[in-house]
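K.L.:
sharing a model that was predicted from the sequence below.
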Amino acid sequence: MSPLTPPTPPSGALPNAGRSSPSLDTTDISTIASSLAPKVGEPPRATHKISLHSIRSNYRVIERRAGSQKCSVMAVVKADAYGHGAQETASYLWKECGCEAFCVATLDEAIHLREKVPYPVRILVLGAPVDLPADFDRYLHWQVEMMVSGPEVVSALMAWCADIKTRREMMVQNSAKEAMDKAALETSGVSKSSKTLGNVEGESLAREIREIMIHKKKEAQVQAFIESSNNSGSGTPSGRISPQTTGQGDRNGSAQPTTTQFQGIAHAASISRLKSERAASGVSPCKGGKDGEKKIRWHGMVDTGMGRMGFKPEEDWSVDAIKTLYRFGVEGSPIAFTGLCTHMAEASSSSTFTIEQFARFKILLGRLRSAGLSVETVHTDNSSALLETSLKHFDTAVLNQDNVDSRGYVRCGGAIYGQRPQFSELLPCSTLSASIRHVGRIAKGESVGYDRTWVATRDSIIATVAIGFADGVPRDLKGGDVEINGEIYPMVGNVCMDMLMVDVTKGEGTVKVGDTCVLWGPVMDELGGVDEQIKLKNIASALKTTQS
């Protein structure tokens, strides 16, 4: 498990130093927690409690708003679901709320999530692939959807598509004798009615031969596309596409490109037989289908003004690159164009820039559709863009395409966790609390904490709370308020690595060791109501940062 991480908190937090840390709280069935369990027999130092009721309520608000624009929700659970626990949150949203699509930032996050949320639930990585071309194999295996955003990814993906069948043939060459012996001995696994060479069904053999021929054609297409891109003038990005086809057995691009040679019907039959055996016995660990049936579903990111990454709508190269990758998928490569998306830099209906961004997005969308590409998925909005009532991005012109079941999505993260306080219908989900481990008296003139930044102006009572900056509480939070037994008290002195101090003088006799100190979030009162005196939005404002 990971150290406790406040939900996209206030900057300045440091990673947990590996000590006994906040515990997993399971005392209330309406909550989950994302924190480390303490040592055996040790009570929890601190707890990060998540209200599933609030998450469900917020999701319903988002779902209704998205539904009014004929869209579905992609729940953003990157950064451990903004500190709320990615696996737990996503599993709950999927099982209890019906969410069928999630977004993360990295492939490692996606794989971690896939362990709890099985295929065919959609998981999209918002960031670009990093380890090329090795990442493509992981995307394929785990059935994770990929973002394609620039020339390097396009070049590497085309080369990978052309090389995958070459690698399959080399695998067969290295194990041909073993496979043939196995087929001969395990006759029970061979079709008795087959009349074709090598006990391979005629239809399968024909398909294999066709795939080899298509593969040879693709090699020529890759080379032609690379040469035309490198020789073109305007409209080609400064980082031009360069060949990245890998050689025999090499996945790092160090070997020279290898050309596939058709080696006859018998050789094709042996490939078919081996593939049939693998298909009959193999089950993907991610249950995403048999290996030969899997495809990487990819989305094209369009840079309409965010300036981070993506295809430029005005550049012909953008259309050519997407069309080329689309054609690869149609012709049998293990990739499939799934959607087009962009990201809004602002989410205000009064912003001309927002309007311009969406207009630029529709330009590229229209050019692709005019070129005959089916765009199944369209997504542009984040939480704020969706909840801004006067923004209506997904009109009929955007979603409708002849003979295509297009679907709009909105990518929502902060709103699910109640971290968009400008929208009053959202509920806070996160409560961070820690136990009081010491209560003591100090005399007037004595100081508290490192650097003696706080000196008592009167005789005072100080409570020491078992949480600090190593747990993610920013040092700049000194002087902020906390809640103990329903009362508000000020923090004093600098926040220490694993402790902070609170002046509880006004509550003399009412604060004791073992009491709970709430740093932020709603607390259930004695009558079962929910009271939130310490708001995360106020802490974020004081630290001049955002909640997410």
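P.N.:
Right, received. Where do you want to start?
K.L.:
mind showing which ranges of the stretch 151-300 of the chain have poor pLDDT?
P.N.:
164-292 (pLDDT under 70).
K.L.:
whoops, the chain was the one
P.N.:
For the chain (pLDDT under 70), the answer is 1-42, 164-292, 347-350, 384-397, 421, 524-530, 548.
K.L.:
kindly format the C-alpha coordinates of stretch 484-498 as CSV.
P.N.:
Extracted C-alpha coordinates of stretch 484-498, given in CSV (Å, rounded to 0.1, in the frame of the first residue of the first chain):
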residue,chain,number,x,y,z
ILE,A,484,-11.1,18.6,18.3
ASN,A,485,-14.4,17.4,19.9
GLY,A,486,-16.4,19.9,17.9
GLU,A,487,-14.3,22.9,18.8
ILE,A,488,-11.8,24.8,16.7
TYR,A,489,-8.2,25.2,17.9
PRO,A,490,-5.1,26.8,16.3
MET,A,491,-1.9,25.0,15.4
VAL,A,492,1.2,26.5,16.9
GLY,A,493,4.8,26.3,15.9
ASN,A,494,6.3,24.7,12.8
VAL,A,495,4.9,21.4,11.6
CYS,A,496,7.3,18.6,12.5
MET,A,497,8.1,15.5,10.4
ASP,A,498,5.6,13.3,12.2
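K.L.:
which non-adjacent residue is nearest Phe496?
P.N.:
One thing to correct before we go on: residue 496 is Cys, not Phe. Using CB to CB, 6 or more residues apart in numbering and skipping residues adjacent in sequence, the residue nearest Cys496 is Gly468, 4.8 Å away. Yep, even glycine has a C-beta here, placed from its N, CA and C like the rest.
K.L.:
quick one: contacts for the one you found?
P.N.:
Contacts for Gly468 (CB atoms under 8 Å, 6 or more residues apart in numbering) come out as Val495, Cys496, Met497, Asp498, Met499, Leu500.
K.L.:
the last one against Ala463, yeah?
P.N.:
No: with the criterion set as CB atoms under 8 Å, Leu500 and Ala463 do not qualify as a contacting pair; they are 9.5 Å apart.
K.L.:
those two: which is more packed in?
P.N.:
Per other CB atoms under 10 Å, whichever of Leu500 and Ala463 has more neighbours is Leu500, with 29 against 26.
K.L.:
top strand in this protein by residue count?
P.N.:
Longest among the strand segments of the chain by residue count, using DSSP state E, is strand 430-442.
K.L.:
sheet partners, orientation included, of whatever helix or strand comes next after that strand?
P.N.:
Per DSSP states H and E, strand 430-442 leads on to strand 447-448 as the next helix or strand towards the C-terminus. Using DSSP bridges, strand 447-448 pairs in its sheet with strand 454-455 (antiparallel).
K.L.:
which parts of the stretch 51-200 of the chain are strands?
P.N.:
Listed in chain order, the strands of the stretch 51-200 of the chain (DSSP state E, counting those that start in this stretch) span 71-76, 101-104, 122-125, 146-148.
K.L.:
dump the second one to CSV, restricted to CA.
P.N.:
These are the backbone C-alpha positions of strand 101-104, laid out as CSV (Å, rounded to 0.1, in the frame of the first residue of the first chain):
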residue,chain,number,x,y,z
ALA,A,101,-14.6,4.1,-18.1
PHE,A,102,-11.6,5.4,-16.2
CYS,A,103,-8.7,7.6,-16.9
VAL,A,104,-5.2,7.6,-15.4
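K.L.:
would you mark the buried spots in it?
P.N.:
Ala101, Phe102, Cys103, Val104 (16 or more other CB atoms under 10 Å).
K.L.:
Gly408 is in contact with Gln69, correct?
P.N.:
Yes: contact criterion CB under 8 Å: Gln69 and Gly408 qualify, at 6.6 Å.
K.L.:
and these two? Which one has more around it.
P.N.:
It is Gly408, of Gln69 and Gly408, that has more neighbours when counted by other CB under 10 Å, with 20 against 17.
K.L.:
and for Ala134, the neighbour number?
P.N.:
Ala134: 14 neighbours (other CB under 10 Å).
K.L.:
before we move on, what about Glu446?
P.N.:
14.
K.L.:
ok, and the closest non-adjacent residue to it?
P.N.:
Ala456 (5.4 Å).
K.L.:
OK, contacts around that neighbour?
P.N.:
Ile442, Ala443, Lys444, Gly445, Glu446, Ser447, Val448.
K.L.:
hey, what's the last one bridged with?
P.N.:
I take that to be Val448. Trp454.
K.L.:
the first one too?
P.N.:
Residues in a beta bridge with Ile442, per DSSP bridges, are Ser460.
K.L.:
what residues are up against it?
P.N.:
Val448, Ala456, Asp459, Ser460, Ile462.
K.L.:
repeat for the second one
P.N.:
The contact partners of Ala443, taken as CB under 8 Å, 6+ apart, are Ala456, Asp459.
K.L.:
what distance do you get for it to Val492?
P.N.:
As judged by CB to CB, to the nearest Å, Ala443 and Val492 stand 14 Å apart.
K.L.:
ditto for the last one
P.N.:
The gap separating Val448 from Val492 is 5 Å, by CB to CB.
K.L.:
shared neighbours of those two, anything?
P.N.:
Trp454, Ile462, Met501.
K.L.:
between the residues you listed, which is closest to Pro120?
P.N.:
Proximity of the shared contacts of Val448 and Val492 to Pro120 was ranked by CB to CB; the top entry is Met501 with 51.6 Å.
K.L.:
so that closest one is in contact with Val482, correct?
P.N.:
No: if you go by CB under 8 Å, Met501 and Val482 don't touch, sitting 10.4 Å apart.
K.L.:
mind listing the shared neighbours of those two?
P.N.:
With CB under 8 Å, 6+ apart, Met501 and Val482 have common neighbours Val465, Met491.
K.L.:
gap between the two ends of stretch 504-514?
P.N.:
14 Å (CA to CA, to the nearest Å).
K.L.:
sorry, back to before: between the shared contacts of Val448 and Val492, which has the most around it?
P.N.:
Compared across the shared contacts of Val448 and Val492, Met501 has the highest neighbour count, 23 neighbours, by other CB under 10 Å.
K.L.:
what does the helix or strand harbouring that residue rub up against?
P.N.:
Element membership of Met501, judged by DSSP H and E, is strand 500-503. Defining contact as CB under 8 Å, 6+ apart, one finds that strand 500-503 is touched by 448-449, 460-465, 467-468, 473, 478, 482, 484, 489-493, 517.
K.L.:
narrow those to those that are buried.
P.N.:
Buried subset of the contacts of strand 500-503 (neighbour count, 16+ other CB under 10 Å): 448-449, 460-465, 467-468, 473, 478, 482, 484, 489-493, 517.
K.L.:
out of the residues you listed, which sit inside strands?
P.N.:
Using DSSP E, the buried ones among the contacts of strand 500-503 in strands are 448, 460-465, 482, 484, 489-492, 517.
K.L.:
got those residues as CSV, with distance to Val130 columns?
P.N.:
Below are these laid out as CSV (distance: CB to CB, whole Å):
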residue, distance to Val130
Val448, 46
Ser460, 53
Ile461, 53
Ile462, 48
Ala463, 46
Thr464, 43
Val465, 40
Val482, 41
Ile484, 46
Tyr489, 46
Pro490, 45
Met491, 40
Val492, 45
Cys517, 41
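K.L.:
no further queries at this time; thank you.
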